[in-house]
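Chemist: can't give you the sequence, but here's the structure:
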């Protein structure tokens, strides 16, 4: 039998170890860069801690899987797709969609809930001796395991011209619906790509508004199955432009809009803090040399603008909120990122990452 003194000493030692918190996993950001690599940036250390070499070319777009365990990379040279495992920071699969004289073009990809299928709208160019023949846009299903397109379906003709300008896509958490965000929100069945429902953004549920444009971002802090985004609209009489905050439930196929105030020249996507109580974006006024950039902070409970601060934003840049919600990153194509404190909206430092950047930042929560 163990003695009482021994038992108490062992218990005390175990309790002491319990008081020591286990080290938390680092919160990382991923960004594509020249030449053919992805930089891994540690939020806490505020520096690049790793590089992932891509196999099919320069990264042009990074998409986080729904379970946040993989990053899907799109490269431009031969329409390459690569899969990065977040845990090991290794490329686990890579392939190219171009075949022979066929050139495939896609703007974005939407992973299914299991990360096995990627949905997109593609345009195929057939290279002939003296010309390129451009086919109409098509839905495409890309099987990651088979490393190829396994299914294509013609895209609706009435929306083909619009989609060439670019549109955001998302798959619902149950994998049943594919959402296309453009002038309207189109909802398609993922089995046969039949149009299930159209959310008429040109006919919102209150009078005095029309032409609502909604573009969701890929925010890891958003509620699963929910898209929270900025929208713009104009009234039908004097065409006064306003902006607001929209919330789309991808499973229930429901949405709501809250007008906030007069629209600006342009705005970036909305980014939420982990508790989803605060939202951040960047708004800019005028263009070119006269352009002014401002951080805008929203109280998400009331959906009201709580604060705004002007900052010296360049003409062409990307905006990202850290996964922790404590820092804001501003960067362009140059090898420099400006890091701002999200609480004070003041510049903390400029960080040299050692390579020209080619994509936006993807924040992966610990």
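Modeler: Received the coordinates, thanks. Note that the structure is predicted; figures quoted are calculated from it, not measured. Numbers count the residues shown, from 1 in each chain.

Chemist: Contacts for whichever strand or helix holds residue 310 next, please.
Modeler: Assigned by DSSP states H and E, residue 310 falls within strand 304-311. Residues from elsewhere that reach strand 304-311 (C-beta atoms under 8 Å, 6 or more residues apart in numbering): 260-261, 278, 283, 292-299, 330, 340, 345, 347. From N, CA and C alone the C-beta is placed, and that goes for glycine too.

Chemist: what do you get for stretch 356-366?
Modeler: Here stretch 356-366 has contacts from 24-34, 39, 41, 58-64, 68, 71, 86, 218, 220-221, 274, 318, 320-324, 329, 331-335, 337, using C-beta under 8 Å, 6+ apart.

Chemist: Residue 120: neighbour count?
Modeler: 23 (other C-beta atoms under 10 Å).

Chemist: hey, what's it bridged with?
Modeler: residue 140 (DSSP bridges).

Chemist: for the residue nearest the centre of the chain, what are its contacts?
Modeler: In the chain, the centroid-proximal residue (C-alpha atoms, centre = their mean) is residue 218; its distance is 2.4 Å. Contact analysis of residue 218 by C-beta under 8 Å, 6+ apart lists 63-64, 362.

Chemist: so what strands line up beside the very next helix or strand once past the strand holding residue 310?
Modeler: As assigned by DSSP H and E, the chain's next helix or strand after strand 304-311 is strand 318-321. If you go by DSSP bridges, strand 318-321 pairs up with strand 327-331 (antiparallel).

Chemist: got the contact list for the partner strand?
Modeler: 29, 31, 43, 280, 282, 295, 311, 313, 317-322, 337-342, 345, 348, 357, 361.

Chemist: can we see that at 7 Å?
Modeler: Here strand 327-331 makes contact (C-beta atoms under 7 Å, 6 or more residues apart in numbering) with 43, 280, 295, 313, 317-322, 337-342, 357, 361.

Chemist: Now do the strand holding residue 310: distance to the chain's middle.
Modeler: Taking the mean C-alpha point of strand 304-311 and that of its whole chain, the gap between them comes to 22 Å (C-alpha atoms, centre = their mean, to the nearest Å).

Chemist: that older thread, with respect to pLDDT, which of the contacts of strand 304-311 ranks lowest?
Modeler: Within the contacts of strand 304-311, residue 261 has the lowest pLDDT, namely 85.

Chemist: Please identify the helix or strand for it.
Modeler: With DSSP H and E as the test, residue 261 turns up in strand 254-262.

Chemist: ok, then the element right after that strand?
Modeler: Using DSSP H and E, the first helix or strand after strand 254-262 is strand 266-267.

Chemist: Let me see the ranges of the helices in the stretch 51-200 of the chain.
Modeler: For the stretch 51-200 of the chain, applying DSSP state H, counting those that start in this stretch gives helices covering 157-163.

Chemist: hmm, who's touching stretch 49-66?
Modeler: Contacts of stretch 49-66 (C-beta under 7 Å, 6+ apart): 30, 32, 34, 36-40, 42, 71-78, 80, 82, 84, 89, 91, 94, 96, 108-109, 111, 113, 115, 173, 218, 220, 358-359, 362, 364.

Chemist: neighbours of residue 50, just the number please.
Modeler: 13.

Chemist: coming back round to it: looking at the contacts of strand 304-311, which is nearest residue 121?
Modeler: Nearest to residue 121 among the contacts of strand 304-311 is residue 283, at 29.1 Å by C-beta to C-beta.

Chemist: May I have the beta-bridge partners of that closest one?
Modeler: Listed beta-bridge partners, residue 283: residue 267, residue 294 (assigned using DSSP bridges).

Chemist: For it, give me its contacts.
Modeler: Shown in contact with residue 283 (C-beta under 7 Å, 6+ apart): 264, 267, 294, 296.

Chemist: hmm, which two among those residues are most spread apart?
Modeler: Top of the distance list for the contacts of residue 283 (C-beta to C-beta): 267 and 294, 9.8 Å.
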